[in-house]
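Visitor: just the structure for this:
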Amino acid sequence: MNLEMKSRRRERGFTLIELLVVVTIVGLLAGIAVLQVRQAQRKAAENVLRGSLAVMRHAIDTYYADKQKYPDSLQALVPNYMRRIPSDPITKSADTWIESFDEPDMTDPDSFDFSNDFDEESLAPGVVDVKSGAEGETLDGTPYGDL
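Guide: The predicted model follows:
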């Protein structure tokens, strides 16, 4: 009978130490998984940011190729060169883009075509580049504004 009672005790369940070990291991694995998911989300947002910048820069270059002048603003690219101005995936806003303007160099005669169809509009500054206005750095340490 003594042997029968010992076998029943072992069948009842897990000891407290076994449960604590299992809960600790599950907690560590869950913590690692959460960190990996957050890092993957941030990496995805950074890739979207790089893609959005590339699309807008291509649209600026195409605008310049078509009109021989840079656009007055990013809004000048809509709808002919882009459907819409994309949102910055870091700030979640389309209003945080920083436009870089380039003033024409009046001292360089090679920078202008002074033909008979010359107009003063070609002397206006235009958007030559766009950067993110987001604060912070990418996962590799590059500031968002330097992408």
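
Visitor: secondary structure class for residue 53?
Guide: With DSSP: H, G, I helix; E, B strand; the rest coil as the basis, residue 53 sits in helix.

Visitor: residue 96: neighbour count?
Guide: Residue 96: 16 surrounding residues under other CB atoms under 10 Å. The C-beta positions use only the backbone N, C-alpha and C, and glycine is treated the same way.

Visitor: wait, is it part of a strand?
Guide: No: using three-state DSSP, the secondary structure at residue 96 is coil, not a strand.

Visitor: I'd like to know how far it sits from residue 125.
Guide: Between residue 96 and residue 125 the distance is 21 Å, computed by CB to CB, to the nearest Å.

Visitor: quick one: contacts for residue 129?
Guide: Shown in contact with residue 129 (CB atoms under 8 Å, 6 or more residues apart in numbering): 57, 60, 99, 100.

Visitor: tell me how far the second one lies from residue 79.
Guide: Spelled out, it's residue 60. In this view, residue 60 and residue 79 are 15 Å apart by CB to CB.
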